[in-house]
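Q: Dropping a prediction and its sequence here:
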Amino acid sequence: MTAGASTDSVEAELTRLQADIGRRGRSFTADDRSGAPFVAMVNETFARRYLGIEDAIGRQVRFGAGDRVLEIVGVVADVPPFSPGAPAEPEVCWPYAQSPRSASFFVVRSRLDSSALMKAIEARLATVDPNPPISNVATMEDRVSRQREIGVRMAVGAPRIER
């Protein structure tokens with residue numbers, strides 16, 4: 001069922017933030033923890049492409065080598081991809097507490113300038129880990145600019161090493 005779908009585990013707080021972009025169903029809660037029934041949220045593209053419906057609440061999908069069955073508890077609006085003009089891809093996420101990962105990434109919306117925001121994020125992370133391994137920090141504008149630069153280089157035939 002995950003062929004062609006982006007998957008990830010997320011904190012419950014992220015799913016509450018997704019209310020800004022529209023959703024049906026519910027967010028993850030503290031009850032969605034290790035040992036509880038597996039749950040997932042999908043985007044609208046996933047629901048349409050793989051289930052043929054807009055509202056997939058209550059449907060079950062099977063994931064992973066262990067054939068884990070997850071119940072869809074929420075459907076969120078598609079998030080625009082990093083590449084301008086690219087179509088939305090199917091996405092599935094489940095609570096981090098049900099499937100922790102060794103590496104994580106954050107998407108943060110803020111009115112702070114990037115320097116002040118990074119300091120605030122580092123201070124908050126330090127409350128959990130005094131020396132967190134932080135890398136690949138970039139604003140959305142930086143990422144979009146880099147994507148455009150790569151596109152231009154590819155269009156003019158730049159060798160792969162220069163991209």
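A: Here it is on my side, so go on.
Q: Which strand or helix spans residue 146?
A: helix 140-155 (DSSP states H and E).
Q: what about that helix, average pLDDT?
A: Average pLDDT, helix 140-155: 72.
Q: for stretch 93-104, same thing?
A: 75.
Q: who does the longest strand along the chain touch, helix- and strand-wise?
A: Longest strand in the chain, counting residues (DSSP state E): strand 68-76. Secondary-structure packing of strand 68-76 (3 or more CB pairs under 8 Å, 6 or more residues apart in numbering; DSSP states H and E): strand 23-25, strand 39-43, strand 60-63. In this view, the C-beta of every residue, glycine as well, is placed from N, C-alpha and C.
Q: Now do that strand against strand 39-43: the angle between them, please.
A: 40 degrees (axes from the mean of the first three to the mean of the last three CA atoms, to 10 degrees).
Q: sorry, back to before: and the helices and strands packed on strand 68-76, which one is worst for confidence?
A: Across the helices and strands packed on strand 68-76, strand 23-25 gives the lowest mean pLDDT, at a mean of 80.
Q: Pull the residues that contact it.
A: Contact with strand 23-25 is made by 41, 55, 57, 72, 73, 74, 75, 76, 77, as judged by CB atoms under 8 Å, 6 or more residues apart in numbering.
Q: Can you pick out the most distant pair from these?
A: When CB to CB is used, the two most widely separated members of the contacts of strand 23-25 are 73 and 77, lying 15.7 Å apart.
Q: neighbour count winner among the two?
A: Between residue 73 and residue 77, counting by other CB atoms under 10 Å, residue 73 is the more crowded of the two (24 against 15).
Q: How much space separates that one from residue 54?
A: 15 Å (CB to CB, to the nearest Å).
Q: Same check on residue 156?
A: From residue 156 to residue 54 the distance is 42 Å (CB to CB).
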